[in-house]
Every structure is written in C-alpha cells, then in structure tokens.
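K.L.:
Generate coordinates for the sequence data below:
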Amino acid sequence: MPKYQIYGIGNALVDKEFEVNEDFLASHGIEKGMMTLIEEDQLHSLLESLNTTFGLKKRAGGGSAANTLFAAQYLGAKTFYTCNVANDETGDFYAKDLAAAGIDTNLHNERENGVTGRCLVMVTSDAERTMNTYLGITANLNSEHIHADAIGESEYLYIEGYLVSSDTARAAAIQCKNIAKEKGIKTAMTFSDPAMVQFFKPGLEEMLGEDGVDLLFCNEEEALHFADTQDLDAAKAKLGTVAKAYVITLGSKGAYIFDGENGIEVGAHDVKAIDSNGAGDNFAGAFLYGITAGHSWEEAGKLASKTAAEVVSNFGPRLDAPAYGQIKSEILG
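P.N.:
Numbering: from 1, shown residues only. Sure, this is the predicted structure:
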C-alpha cells in the first residue's frame, strides 16, 4: 500500500476572486475565459481597479494541481504537493492552507525571499472564469523542490499543465515524470487551460514525452486545440496516441472517459452555475481519489461529475471540507 495516492507538482498561487461584468473585461483588454500571464506592476494596477470597482469576494490557496489535491485529500486520499512560495504573508497563508487540509509538502519555515504568486480570478454572470496570473516565485519552481522518495511512495504522479510556461518548472515536471517511470509509478497530467495548448503546445508535448502518460485530463476545447481539429472523435484519436487513458470534460454535456479499452460516458448534473473556477481541477481530484480507492472508472466519473457540479454551484475554487464527504456518501454510499 503506497503512502500517498497522489504526488502533485504545480504552480502555487493564492486566488483572489472578484465578481465582474463584461464591460470591465473589455475596458481593460482582458480576454474572457482564458488564463493570461501578467507582470507584477500589472497585478497591482489591476488589483487596485478590482478592489475599487467590485471588492474582494474570496481569497483561497489555489493553483490547478493544488485544487486537485485538496479535492482528493478531502475525499479521503493521502497526498503530497511540490510547489514554491515565498517567505511573505501570502506564502504563509498558502502553506497554512495546505497544512490545515493535511496535505504533505516540500514547504518549510525557511522559504526563499520573494513574492508568492497570485491569480486574479474574474467571474462574470455566466459563471465563466477569467484569470490574470502573476507567477512570482513559483516561476522558479525547479528540481531542488522535488521529493523523489515521496514520488516513489505514491500511486500516481500528477503534473499540472500550467508548468509549461516556465523553463525551470517544465524541466522539474519532466524530471518528476522520469523519476516516476524509474520507480514504476503511474503518471497523470492535465492540460490545465486552453491557452496552454494554444500557445505552449510544443512544451506540453515535451512534458508528455515519447512514452506519453498513463492518464490525461483535459476539457473539450483543450482536446480540440491539441489535435488541431473541430471533430471530437478525431481529438479522441489524437489523445490516444499520447495517453493510455484519458478524460475529456464536456461542461453541461458531462464527460467522456477512455479507460484504455472502453469509452464511458458520464452525465452532467443540472445546477445553477455561479463560478466555473476549479471545476476541472476538482473533477480530476475526485476521479483520482475514486480510482485509487478501488472504485470503478465509471463510479469515479460519477463522483467527479457530482463534485465538479457542486464546485460550479459555489463561489471559489473548492468546497468546504465536509461537503466532499457528503458528496462521497451520496454517490458511493
């Protein structure tokens, strides 16, 4: 029995969420529905404008892989997270958030000086999330942050696609993948965002490597971008060349799961969407919990679909801890 079900590596970001309108995005030249990297001066300018115009709705420790690990941990998995935050108040907040959830990490009291990464999440009335991200010190995530022993004690290594935008972080992700391969550990990866596929596809292909991954997570738009097609069946065929198994989330249409042999369709839940931030991350976390806890891929898909539905029905990138237990009881008994 492995010590950890999931070892994740990703960008450590503190999310600041705001409810905004379409006019605000247009007036600031912000591309809706995408994640855009910004510089520190842009962060402060935009943050001032958001605070003045709308006011902060919620602050939470985030990042794609972190959201996934929070979901898995709260559902019952044991997880480890490799990340990089600074020795500042935001970094303290982030580290305490992980510790409170019981997630083991590489973080310690003597963190580097610098600025912890932040993500400004702007949510419009249609529940679409738009993100402007200042990576800060997380852009310096590198091989020194990796815990090879923890990877070897895990069932799955989980790699965040956002790491592709940093040369050192991408190299660290690839090193983790190589360690996992040497130790016989399965590797899962997420594309994270359509912008990563659109603008960093060669880097993602480098992270996937010649042997691909055991399990790949993406949404429909990411799958189509990766395959350079508008035909979902063609995209599925392309994904099958880089992953032994994969999951495509389809929004209100549910999800499609390929378990390596068979395709499984998972239905969506009819909910009032408030905030789509973290939905895909939570889907991945619940799904990974399900398959590592001995449930079938179909059962894991149903748990993941319900978890994602509850997340989009609430504001923020994840739910309160007790809510995950309620979902698990409802779906898995």
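K.L.:
Which positions within stretch 246-253 qualify as buried?
P.N.:
Residues 246-249, 251 are the ones in stretch 246-253 that count as buried (16 or more other C-beta atoms under 10 Å). For every residue, glycine as well, the C-beta is placed using N, CA and C.
K.L.:
mind giving me JSON lines with these and columns for pLDDT and secondary structure?
P.N.:
Output for the buried residues of stretch 246-253, formatted as JSON lines (pLDDT from 0 to 100; DSSP: H, G, I helix; E, B strand; the rest coil):
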{"residue": "246", "pLDDT": "98", "secondary structure": "strand"}
{"residue": "247", "pLDDT": "98", "secondary structure": "strand"}
{"residue": "248", "pLDDT": "98", "secondary structure": "strand"}
{"residue": "249", "pLDDT": "97", "secondary structure": "strand"}
{"residue": "251", "pLDDT": "89", "secondary structure": "helix"}
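K.L.:
Kindly reformat these as CSV containing distance to residue 140.
P.N.:
Output for those, formatted as CSV (distance: C-beta to C-beta, whole Å):
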residue, distance to residue 140
246, 31
247, 31
248, 32
249, 31
251, 34
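K.L.:
which of these sit farthest apart?
P.N.:
Across those, no pair lies farther apart than 246 and 251, at 16.6 Å, counting by C-beta to C-beta.
K.L.:
OK, contacts around residue 101?
P.N.:
Going by C-beta atoms under 8 Å, 6 or more residues apart in numbering, residue 101 touches 70, 73-74, 321.
K.L.:
can we see that at 6 Å?
P.N.:
70, 73 (C-beta atoms under 6 Å, 6 or more residues apart in numbering).
K.L.:
Distance check, it against residue 320.
P.N.:
Remark: distance between residue 101 and residue 320 (C-beta to C-beta, to the nearest Å) = 11 Å.
K.L.:
same deal with residue 22?
P.N.:
Distance of residue 22 to residue 320, computed by C-beta to C-beta: 30 Å.
K.L.:
Residue 114 - how many residues pack around it?
P.N.:
Neighbour count for residue 114, taken as other C-beta atoms under 10 Å: 17.
K.L.:
switch to numbering from 26
P.N.:
Shifting the count to begin at 26 puts that one at residue 139.
K.L.:
Roughly how far does the closest residue to residue 32 other than its chain neighbours sit from residue 305?
P.N.:
Distances taken as C-beta to C-beta, 6 or more residues apart in numbering place residue 179 nearest to residue 32, at 4.0 Å, with adjacent residues excluded. Distance of residue 179 to residue 305, computed by C-beta to C-beta: 21 Å.
K.L.:
Now the helix or strand hosting residue 336: buried residues?
P.N.:
Assigned by DSSP states H and E, residue 336 belongs to helix 322-337. Using 16+ other C-beta under 10 Å as the test for burial, helix 322-337 gives 322, 324-337.
K.L.:
do the same with stretch 127-146
P.N.:
Within stretch 127-146, the residues scored as buried using 16+ other C-beta under 10 Å are 128-132, 136, 139-146.
K.L.:
With pLDDT as extra columns, can I get those in TSV?
P.N.:
Output for those, formatted as TSV (pLDDT from 0 to 100):
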residue	pLDDT
128	98
129	97
130	97
131	95
132	93
136	90
139	95
140	96
141	97
142	96
143	96
144	95
145	97
146	94
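K.L.:
Closest to residue 350 out of the residues you listed?
P.N.:
Using C-beta to C-beta, those come closest to residue 350 at residue 128, 16.6 Å.
K.L.:
how close does the closest one sit to residue 35?
P.N.:
As defined by C-beta to C-beta, residue 128 lies at a distance of 12 Å from residue 35.
K.L.:
again, but for residue 287
P.N.:
Distance, residue 287 to residue 35, using C-beta to C-beta: 30 Å.
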